[in-house]
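> heads up, no residue letters with this:
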């Protein structure tokens, strides 16, 4: 039995987009339904951001059509978002719910007896518009947004991105479009976003390199390749299984095709004397198959880290390390002794001190307490989070070669061209200016530039940002095989689980906790620690007091409790009567002049029901307590 199809929100057909000679979208077709959670995947430069801009209505295709449901509300977070610098953080987030704000303003200015007022009121109820301010506060807290009153000009790039994400989700649009929503979010915020989207009532289309996020949220995957959309049912794991099976089938067919061409080529070379109808048909078939486009396997980054020099008995020791920031303690008491093959993942909320710790280790900052001991044979190589170590004015060739035609890769000498091809730079992109590269290309170039320097202790700050999924996989494989040590600040849980054998966590209570093993093991142990600490915390928070004398109901309270159920029933019946009155089709014709009076009366009755229930609970608790003794 086929599953029911939910209502259609958007239908895009045969989309084509070109930038000069470059064809980005060739014939892209996709549909988005109300229950869809679509993960859009594809190599960097395949056109993912262009496609979602077209879907969001921010870009017109050169050809093709996009049909949208009437009054469709769309929320959009782009990679190149802008915020209003004349407004505070809170005001920018609130702008994401502009439609709700306009409805609230309209409701306030409508006459009490206007028929439109009832329609607007019902619409606001359906979209939870009355609760907007509370929702803004909850979203900002959960996504660790900057303080509401801060100016946009004072925010870092990561803080601005969290504000933009809050703005995109706060209105609960029919369709939420997110371009790399997990970039610059800590693991706690990503997990909150997953929970939010799992219960989200609208549709979602998103681009992300976070494989756990794709697995957890997506129920459809659309792969964009060669300008065409290839849909797959299921999450990212389902997609990878399907793709592997499909590629195996294509490789098998290509092998058969090549075998056929080899046999037929021998026949053609023998030059049969009799050009019969049969031989002409066979010759035509050979040329048809030879001219057909064969299967070409996807190219992957050939990322290999140079063999590291040997490490000494002392690698890196952190002793009682502490750091202050703006006059307040950022972290204290960090103790860690590195052993060979240690691959350390550092996690925690943004602003908790992760990058500061890296800068202390690299000698860029002086600690407020404790010390950093680096072994004599330890050679540190770092990849910075800001990606600022690239010169936009250089070509890719000059950025890597630095005026030479070759690079030293460990003890191996390679031409710059062959080295860059390992990182998927084609000949034309090798001569491109660095400033014209995409985010993914810049990340690959930075890795190519830094990793060739070697070293036996790699320090990586958010190394997975902007990398596409195939490149991520190869980077993980290279780090797994690396014979030195690694320190990586990352929010990518898949990366942390695959690469790391130790986790240093900056926890929400301000402590820094080390755990052996990968991220999931740390998370499991953290939850166990919290569960074990809860009873003790409750006991400490509520010290024992002398046992109070048991209170009994007075005669008056006992009589009140006796008649409480009847009082609650009468109050609920009055609320029901008023609700039925408001819902009647001829309400405004018969009672329009009393709308305000009746609204206040219904609120009073609802408050009375709540008061009666609370009073009943209090009296019942006293009665039960006396009975228990």
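Arrived safely, thanks for sending. Computed from a predicted structure; not experimentally measured.
> Going by C-alpha atoms from here, please, whenever you check contacts or count neighbours.
Will do.
> And the helices in the stretch 101-250 of the chain, which stretches?
With helices called from DSSP state H, counting those that start in this stretch, the stretch 101-250 of the chain shows them at 115-126, 132-142, 157-169, 187-198, 211-217, 236-270.
> so how far is the first one off the chain centroid?
Here the centre of helix 115-126 is set off from its chain's centre by 34 Å, with CA atoms, centre = their mean, to the nearest Å.
> got JSON lines for the helices of the stretch 101-250 of the chain, with mean pLDDT and mean neighbour count too?
Listed next are the helices of the stretch 101-250 of the chain as JSON lines, based on pLDDT from 0 to 100; neighbours: other CA atoms under 10 Å:
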{"stretch": "helix 115-126", "mean pLDDT": "83", "mean neighbour count": "15"}
{"stretch": "helix 132-142", "mean pLDDT": "86", "mean neighbour count": "16"}
{"stretch": "helix 157-169", "mean pLDDT": "85", "mean neighbour count": "23"}
{"stretch": "helix 187-198", "mean pLDDT": "84", "mean neighbour count": "18"}
{"stretch": "helix 211-217", "mean pLDDT": "89", "mean neighbour count": "20"}
{"stretch": "helix 236-270", "mean pLDDT": "76", "mean neighbour count": "14"}
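> what's the closest of those helices to residue 313?
Nearest to residue 313 among the helices of the stretch 101-250 of the chain is helix 187-198 (33.5 Å), distances taken as CA to CA.
> and the angle for the closest one with helix 157-169?
Using axes from the mean of the first three to the mean of the last three CA atoms, to 10 degrees, the inter-axis angle of helix 187-198 relative to helix 157-169 is 10 degrees.
> could you check the angle helix 132-142 makes with helix 187-198?
Computed by the same axes, to 10 degrees, the angle between helix 187-198 and helix 132-142 is 140 degrees.
> And the contacts of helix 187-198?
142-144, 182, 213, 216-217, 347-349, 491-493 (CA atoms under 8 Å, 6 or more residues apart in numbering).
> Which one of the helices of the stretch 101-250 of the chain lies nearest to residue 517?
helix 187-198 (16.9 Å).
> Pull the distance from that closest one to the chain's centre.
8 Å.
> cool, and stretch 325-335?
29 Å.
> With stretch 427-442 instead?
Chain-centre distance of stretch 427-442: 25 Å, with CA atoms, centre = their mean.
> Show me which residues of that stretch are buried.
429, 430, 432, 433, 434, 437, 439, 440, 441, 442 (16 or more other CA atoms under 10 Å).
> ditto for stretch 65-72
Neighbour count says stretch 65-72 has 65, 66, 68 buried, by 16+ other CA under 10 Å.
> re the thing from before, go through the contacts of helix 187-198 and name the one nearest residue 312.
Ranked by distance to residue 312 (CA to CA), the contacts of helix 187-198 are led by residue 347 at 27.2 Å.
> Sheet partners, orientation included, of the helix or strand encompassing that closest one?
Under the criterion of DSSP states H and E, residue 347 resides in strand 343-348. Next to strand 343-348 in the sheet, as set by DSSP bridges, lie strand 485-489 (parallel), strand 502-506 (parallel).
> so how far is the last one off the chain centroid?
The chain centroid and the centroid of strand 502-506 are separated by 21 Å, computed with CA atoms, centre = their mean.
> So, low pLDDT: which residues of the stretch 301-450 of the chain?
301-304, 383-389, 410, 439-440 (pLDDT under 70).
> repeat that for 90
The model of the stretch 301-450 of the chain has pLDDT under 90 over residues 301-309, 324-330, 348-353, 355, 381-394, 396-450.
> Then the stretch 451-600 of the chain?
Residues of the stretch 451-600 of the chain that meet the cut-off, pLDDT under 90, sit at 451-455, 460-482, 491, 507-511, 523-600.
> got the residue ranges for the helices in it?
Using DSSP H, counting those that start in this stretch, the helices found in the stretch 451-600 of the chain span residues 469-481, 493-499, 519-541, 555-562, 564-583, 587-591, 595-628.
> now the stretch 301-450 of the chain
Using DSSP H, counting those that start in this stretch, helices in the stretch 301-450 of the chain cover 354-361, 396-401, 416-421, 427-430, 439-451.
> and among the helices of the stretch 451-600 of the chain, the most buried is which?
helix 493-499 (a mean of 20; mean count of other CA atoms under 10 Å).
> That one: how far from the chain's middle?
15 Å.
> doesn't residue 168 make contact with residue 76?
Yes: using CA atoms under 8 Å, residue 76 is in contact with residue 168, at 5.6 Å.
> so what sits against both of the two?
With contacts taken as CA under 8 Å, 6+ apart, residue 76 and residue 168 have residue 176 as neighbours in common.
> Excluding covalently adjacent residues, which one is nearest to the residue minimising distance to the centre of the chain?
The C-alpha lying nearest the average C-alpha coordinate of the chain belongs to residue 182 (CA atoms, centre = their mean; 2.8 Å). Leaving aside its sequence neighbours, residue 182 sits nearest to residue 190 (CA to CA, 6 or more residues apart in numbering; 6.2 Å).
> still on that earlier bit, so which of the buried residues of stretch 65-72 would you say is closest to residue 308?
Once CA to CA is applied, the member of the buried residues of stretch 65-72 that ends up nearest residue 308 is residue 66, at 53.1 Å.
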